[in-house]
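Visitor: I'd like to go over a predicted model; first the sequence, then the structure.
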Amino acid sequence: MNKKLLKLAQRREHLVLEAAKQRAQLVQIVDTWRAPLALADKGFAAISFIKKHPVWMAGGGAILLKVLRPSRVSKWLSRGWIAWQIMRKLQR
């Protein structure tokens, strides 16, 4: 029975060391993804805000029309239109 307990203790020690190695690897993986995931989270929060407050988008557009020259506005509107179409296609 003493041999059995010794074998179990050795097995437990091996498993504890293996778990420590796996935790260290997981920390490295999570650290590399922390910044990109935080940026994606901010993007989702911005999209959620825009969906909840569309009037702010209209107001921002009106301010841009007032501040920018018409040629610049048309360029930005075309870019926005393309971005909107891409977003709609990705949602489908």
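Guide: Ah, there it is.
Visitor: The residue positioned nearest the centre of the chain and residue 85, how far apart?
Guide: Centroid-nearest residue in the chain: residue 40, 2.5 Å away (criterion: C-alpha atoms, centre = their mean). Separation of residue 40 from residue 85 (C-beta to C-beta, to the nearest Å): 21 Å. All C-beta spots, glycine's among them, are computed from the backbone N, C-alpha and C.
Visitor: Show me where the chain dips below the pLDDT cut-off.
Guide: Along the chain, the model assigns pLDDT under 70 to residues 1, 69-70, 73.
Visitor: go again using 90 as the cut-off
Guide: The model of the chain has pLDDT under 90 over residues 1-3, 46-47, 49-81, 83-84, 87-92.
Visitor: What are the structural domain limits within it?
Guide: 1-52, 54-92 (automatic domain parsing).
Visitor: Any idea how far apart the tips of the last one sit?
Guide: Right, domain 54-92. The stretch domain 54-92 measures 21 Å between its terminal residues, going by C-alpha to C-alpha, to the nearest Å.
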